[in-house]
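Trainee: no sequence for this one, just the structure:
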């Protein structure tokens, strides 16, 4: 059985970074013994940051998002999430469905939540989703006691 040669793992070459670098490629001899390793010059964090900057973006996820046709990393990640893909870019309580009209100014996607209209997270039908800002979502959850719905236990959510 071939044995692996233990090779020292170098540190990142970025000034001030002490993280260990990652392997680009392993090289083996005829008997299957690792004889050489090609190391990246930078750790994964520094490599990803440098790659994103090279493309004029902030993160490596932004590159993946652009390659998949999305304007932002948030839009890309939301498309992968079973609930967030239903999220709109505004609070749907602008129509006063909760008994008052929402006046929150949305300046960041993180201010919006996907809410289950009936309060039950196990009901995943498309018409059971609505987008609410965090204020409206908290109000609706309290007013309608969504935290008591039986579906919460299925997801391990307890209050």
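Mentor: Nice, thanks for sending it over. Since the model is a prediction, treat every value here as computed from it, not as a measurement.
Trainee: only C-alpha atoms for contact and neighbour calcs from this point on.
Mentor: Will do.
Trainee: domain ranges for this protein?
Mentor: The record's domain parsing of the chain by automatic domain parsing lists 10-80, 82-159.
Trainee: for the shortest one, the distance to its chain's centre please.
Mentor: Taking Cα atoms, centre = their mean, to the nearest Å, the mean C-alpha location of domain 10-80 is offset from the chain mean by 17 Å.
Trainee: in the sheet, who's paired with the closest residue to residue 91 other than its chain neighbours?
Mentor: Using Cα to Cα, 6 or more residues apart in numbering and skipping residues adjacent in sequence, the residue nearest residue 91 is residue 132, 4.5 Å away. In this structure, residue 132 has the following beta-bridge partners (DSSP bridges): residue 113.
Trainee: quick check: phi and psi at residue 34.
Mentor: Comment: the main-chain dihedrals of residue 34 come out as phi -70, psi 120, following degrees, to the nearest 10.
Trainee: quick check: chain neighbours aside, which residue is closest to it?
Mentor: Counting by Cα to Cα, 6+ apart, residue 34 lies nearest to residue 28, which is 4.3 Å off, once chain neighbours are set aside.
Trainee: over to residue 89?
Mentor: Here the residue nearest residue 89, using Cα to Cα, 6+ apart, is residue 109, at 6.9 Å.
Trainee: surely the one you found is in contact with residue 91?
Mentor: No - proximity of residue 109 to residue 91 does not meet the contact threshold set by Cα atoms under 8 Å, at 10.6 Å.
Trainee: neighbour-wise, which of the two wins?
Mentor: Neighbours of residue 109 and residue 91, each counted by other Cα atoms under 10 Å, are more numerous for residue 91; the result is 26 against 14.
Trainee: pretty sure that one contacts residue 135?
Mentor: No - counting by Cα under 8 Å, residue 91 does not reach residue 135; the two are 9.8 Å apart.
Trainee: what residues sit buried inside stretch 47-59?
Mentor: Applying a neighbour-count criterion of 16 or more other Cα atoms under 10 Å, the buried positions in stretch 47-59 are 47, 48, 50, 52, 57, 58, 59.
Trainee: how much space between the residue nearest to residue 34 and residue 35?
Mentor: Using Cα to Cα, to the nearest Å, we find residue 28 at a distance of 5 Å from residue 35.
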